[in-house]
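J.: How does the following fold in three dimensions:
(chains A and B)
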Amino acid sequence: MKRASSKNLLYGIPTRWGLLSFALFLLLVTVAATYQNNLVFIMAFLIFGLVFPIIRQTAKNLSGLEVLGIHFPPTTPGTPAEAQVTLKNPTTEPLRNLEVWIRLKGARKVTTSIAPGAIEVVRIPFTSPSQRGIYACPRVQIVTKNPFGVLSVWIQKRFDSEIYVGPSPDGKQSFPLPDSISGTEYSTHRMFTPGDSLGRVDWKVLARGKGLLVREFSSSPEADLHFDLAQVVSENLETRLAQIALWIQQAHQLDLAYSLRLGDLKLHLGRGDQHERAATVLLAKYQSKSQELRNPSNQRFKFFKSLFWNDTEPEISLGMRTALTTLSAIAAMPLVAEATGAAKGSVLFYAVVPLILSIPQIRNVLLRRYGLEKYLSSLLAGLGLLITGHAFHWTPSTESAAILLSLMVLSKGLELRRFGDGIVHLLGINLTLMCTLLFEQDIPRTALMVGGVIWSFLLLKDLNTDRNLHFPEASPLRRLFQWDLILSVPALVVLFLFFPRFISPFSKWIEDRQGVQVGFSDLMDLSEMARLARSQEIAFRVEFENKTPPSNQTLYWRGSVLDSSDGLKWNPISYAKETEVTQIEVPTTNNSIKYQMILEPRFGKRLFALETSQKLSLPSAPTNSMNVQRLVHGQHGMKFPTSTSIRLEGQSITTGLLKHVGPPPQATKIPVSAQVSALAKRWRAQTKNNQEIVQLGLDFFSKNDFVYSPEAAALTSIDDFLFKTRKGFCEHFAATYSVLMREAGIPARVIAGFYGGEWNSLGNHLAIRDLHAHAWAEVWLADQGWVRVDPTSRVTSAQGYFLALNQDGQSQSRFGLLAAFLSLQRGWESLDFAYQSFLLRFDSTEQAGFIGALGLGNIRKHLWFWILGAFGLLFGVSTLWSAGRFQRKNWREKRWRKLNALALQLGQPYVPGEGLLTWKLRLKQETKAPLAPKQREWIQLFDEYVLKSYQ
Amino acid sequence: MSTMSTLRPQKNDVEANLLTHFLASAEKVIIGRRHQLQIALGALLSGGHILIEDLPGVGKTTFVLLLAKLLGLDARRIQFTVDLLPADILGTMIFKQSTHEFTFHRGPIFSQVIIADELNRASPKTQSALLQAMEEGKISIEGQTHDLPTPFFVFATQNPLQQSGTNPLPESQLDRFMVSFEMGLLTREDERRILQGHDSKLALNELASIFSSADLKRWQELVHKQKVSDNALDYLQDALEVLRKSPGAQKHLSPRAGHHWVCMAKAWSFLEGRAFVLPDDFLATAQAVLGHRLQAGGGQGIKASIDELGHLLKSVPMR
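T.: Prediction:
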């Protein structure tokens, strides 16, 4: 990625952490496609969208930087030297963690940060080239990974500065003494130090055996030295230059003034550090041309490695650790809540432990003092594995894996040390968030996901910021509220709309889940009824096309047919048997009821439909109903278990019945006691008409003081129920009724499903909860086929229950607070429903329709074209955006750039260090003739610029 | 001179063409040196002291006398020598027998313009006698403070330090001079005219004052009102920071240096006939204002630091 700015061209590449985050994105897309989960898609796209604020903020950390220049103090071959790079931060924000690189032998990168408006000189040590001469300055590269550490952005610049390498001081010729030095009075002696001129050694004193002493002169300004190349006698130029370098070094140490003459190059009399540097420059310049330095290859490798790897990553502060652990605990909450029963307690307890241990004080006392820190996380991880395994009876499943993952992420929170740990932890947190979306997709979880992703984004930024730099921090509120985040929204929308909802090849790997915790299991065991009656969970919700529910008595939601029994337990028709399609005559009628159904994810294959169902399918396109199959007798099922909310379209008729063509089914008798058999025989004796026997059976329940009681015990004996307790609920009535009918010779069976529903007048939908689970009977009548008979409805005490079922939730209670609470609940549910149906509505079918409406063709045919297209579109937009086109620049900068561009066309670019008016004068004087229109335009723009900026 | 004729504000004729008038008169006495004259005039307009550095015989004294004369200021000259004492400059308390009191006998410093000739020949003690005078415009002797006349300018000349028998000026003193410059070599044509017998002494005597100190005061006020935009100050601060942080510039650039630079830039823009300051004005006066402040240790004089300065200013971002 490149970004052109007024001065710098930015290059960018993701770091290894960036690549890891991208892997997370790919994983999310795969999971979303596998589970056909729109929310996971949204999460993936949200994470992808965060690339944009990341690019923007990282680029911002560098694009403003001005590299003012680079300076090399003159040096000698092969010695440690230093490059001085002058940087300016003209912005109002601090620029943090800039790594400055120069490709020179032995150069180390230097990291610096610059306060707003400041100028900073960075000193980079290196080893000077081994040959005397002038060398062109190699490229200066400045890298930043701040503030996220997932993207490396760098600029590179060349300067016309030169490296002057003078000769190494060396030689045998004696120091040419100044003319006047012999006449000057010396005042004192001092010890000889290397580099002193031999001419100053007091040989007489040495001869007297008093040591090597040097004469010090009281005043030496008169002792001017004149060095000339001609003074040195040698064949070799380098040797001669080395001799002069030695003299200069000695003169400098003695603080003598000296002049230098090398052929045409002259240096006037002077002394001091600067003078010595000037002399070295001359020595380097003499008879040498500027040459390019060869890049040491290991430097190039080091540079590219540094783009991906950080050799030193910042440590994570204690506060940061706490924040990270807290976030992982919050992310794990819904999953921990998923665990049930006794396991729930231990899982919950386990989840709290890392949280408590991450409190700084406890951590310090417990871990640091007793040295537990090293082993604790592995210990906790092992414990987590044990607890999860125990809670799920060592059966691997999506759920147990998700909980295990969240617990591992939590315990990983205890070994946060460096930046890398933090990033891995954040990725783990995001995986946990994704897992929660697999089990349920409601508003709170969506909010948790969005909040979690954004929080991790903010934490990521804080992770990498070096707190040791004492720059004034933005206020916490400002740091939290980042406009940049809005940049991720377009990417999210574009990808959501255009990214193809392909079916992942892994879809078929999802195992058939057993042991459903809510709603009917696929076994449709009637004994589940008692449990279901106490559950408020919503099983599915229905929106009718005409916005009003059909009448109370017709709301039978057919689920499963149970036709074989040992008298107490009823078993459903096997799938194999169900799929044998028998001929069913569906009456053609105009009063079909059309409805849309949102199924909560139950990990079952069972589908429910309003009796009598004509059609139930995934919306519109027949190609997509591959996951729905119609079973016999108006039952429906999924080929794969449902792991996400599903939207179905249904069509039913409530008047008239299905005509079954074909032979009548056998009324298989069920072994019963003599008393029961006698009852059935008595009815059969009364009449030959099956219709009348059906009625007699119903009358038996209504006339014999049977009591409807949801709290009744499960059915253990038909005799006890029929003749002693006479207390039960739908299961009891439907099952015993069917047994009696069969005993009387009429084919009968039990149907399990739901009855009624709760009308939500706010959202205009019917919510069917677990407590609406119901069982009823069907009997075969010769000319009518299977007829629905509901013995429970004939029980007098059940009448109230039946009436209340279909009422609006609000009318159930009219008492102040409770009513308000209930209406709040209804409001929330309808919001949730609207939200889900909106999100779910956009499935592959909707997408195909949407793209078709745009006239863009068939998405399924060109799947990869669309996948690549969606990314290509994003990439194009991002490149355009990051090329600075969408960025606001201030007027001065824009005008300055325009002036420069225009001046370049006129052949008179601005020369650094020149005055504005000088520039104008130069441009004006280019042609003596009347000014060209372009010149006039430039002058007009220029005058405006100057007046606006400086007046 | 100005290239921004369209930007020139309407002023009265003399003020608009102040520089032209001034240079025209000066030319009768001094040949060449237009840049030096403009710098010196700028320093006077912003109330600063001037340090001139060059070898003997290049016309330093004439230059200063000319400035004083053109502006109608009275000038006195003090020749600094090794044995000069502070009292010789400031004045002394003398016992008056008739009144039996000590009375203050004013020294040569009580004058609008002081020409401190060859300042660096004097001992440091004597040099420092000028400190308070230059900064505050007053002197203190034996607990009494005496105001100096206004305006008060010090024109110091100094020999290049390689010359024998000089004492380098301390930094504190150097910093008090607003500008410094060298007279520099004449062009061949200009030198020819001198060789042809141009007598500057005679010309100076014949020259009449064209301005008065009241004029000077009014212009000083006008210069003070010159507009310095934030953008211009941005440039100034960038330049100062580059210079302070640049390698090799060991000398401290005081805030006073920045202040002097702004004053000089204002005066320069005024002389150029503009009502506001451009970065150009800083560039034009950089050498004069900073040259003597950036002198590196060892004291090779102004010259050596000038090249460095030009190089460094290239890296100051211009916008």
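J.: What is the strand or helix carrying A:W683 packed up against?
T.: Using DSSP states H and E, A:W683 sits within helix A:674-686. With contacts defined as 3 or more C-beta pairs under 8 Å, 6 or more residues apart in numbering or on different chains; DSSP states H and E, helix A:674-686 has these neighbours: helix A:690-703, helix A:718-719, helix A:730-743. C-beta here means a position set from N, CA and C on the backbone, and glycine is covered the same way.
J.: contacting residues around it?
T.: Under the contact criterion C-beta atoms under 8 Å, 6 or more residues apart in numbering or on different chains, helix A:674-686 has outside partners A:692-693, A:696-697, A:700, A:718-719, A:722-723, A:739-741, A:743-745.
J.: For that helix, output the C-alpha coordinates as CSV.
T.: Only the C-alpha atoms of helix A:674-686 are listed here, as CSV (Å, rounded to 0.1, in the frame of the first residue of the first chain):
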residue,chain,number,x,y,z
ALA,A,674,-58.5,-56.0,31.4
GLN,A,675,-60.2,-53.0,32.9
VAL,A,676,-59.1,-50.7,30.0
SER,A,677,-59.9,-53.4,27.5
ALA,A,678,-63.4,-53.7,29.0
LEU,A,679,-64.0,-50.0,28.7
ALA,A,680,-63.1,-50.0,25.0
LYS,A,681,-65.1,-53.1,24.3
ARG,A,682,-68.1,-51.4,26.0
TRP,A,683,-67.9,-48.5,23.5
ARG,A,684,-67.6,-50.8,20.6
ALA,A,685,-70.6,-52.7,21.7
GLN,A,686,-72.7,-49.5,21.9
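J.: in chain A, what residue is nearest chain B?
T.: A:G272 (2.4 Å; C-beta to the nearest C-beta).
J.: Can you check the pLDDT for that residue?
T.: At A:G272, the model reports a pLDDT of 72.
J.: what's the answer for A:L357, then?
T.: So A:L357 comes in at 73 (pLDDT).
J.: In this model A:L414 seems to touch it, though I could be wrong.
T.: Yes. Judged on C-beta atoms under 8 Å, A:L357 makes contact with A:L414 at a distance of 5.9 Å.
J.: what touches both of these two?
T.: With C-beta under 8 Å, 6+ apart, A:L357 and A:L414 have common neighbours A:L376.
J.: Go through the longest helix anywhere in chain A and flag the buried ones.
T.: Longest helix in chain A, counting residues (DSSP state H): helix A:816-841. For helix A:816-841, the buried set under the neighbour-count rule, 16 or more other C-beta atoms under 10 Å in any protein chain shown, comprises A:L822, A:R826, A:E829, A:S830, A:D832, A:F833, A:A834, A:Q836, A:S837, A:L839, A:L840.
J.: now stretch B:207-227
T.: B:L207, B:I210, B:F211, B:S213, B:D215, B:L216, B:W219, B:Q220, B:L222, B:V223, B:Q226.
J.: Please apply the same query to stretch A:704-724.
T.: A:F706, A:Y708, A:S709, A:A712, A:L715, A:I718, A:F721, A:L722.
J.: got it, and stretch B:259-277?
T.: By 16+ other C-beta under 10 Å, the buried positions in stretch B:259-277 come out as B:260-277.
J.: can you put the helices and strands packed on helix A:674-686 in CSV and add mean pLDDT and distance to chain B?
T.: CSV is the format used below for the helices and strands packed on helix A:674-686 (pLDDT from 0 to 100; distance: least, C-beta to the nearest C-beta, whole Å):
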stretch, mean pLDDT, distance to chain B
helix A:690-703, 86, 95
helix A:718-719, 82, 97
helix A:730-743, 86, 84
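J.: which of those sits most buried?
T.: helix A:730-743 (a mean of 26; mean count of other C-beta atoms under 10 Å in any protein chain shown).
J.: Tell me how far that helix lies from the chain's centre.
T.: In terms of C-alpha atoms, centre = their mean, to the nearest Å, the centre of helix A:730-743 is found 56 Å from the chain centre.
J.: about what we covered before: mean confidence score for the longest helix of chain A?
T.: Mean predicted lDDT for helix A:816-841 stands at 75.
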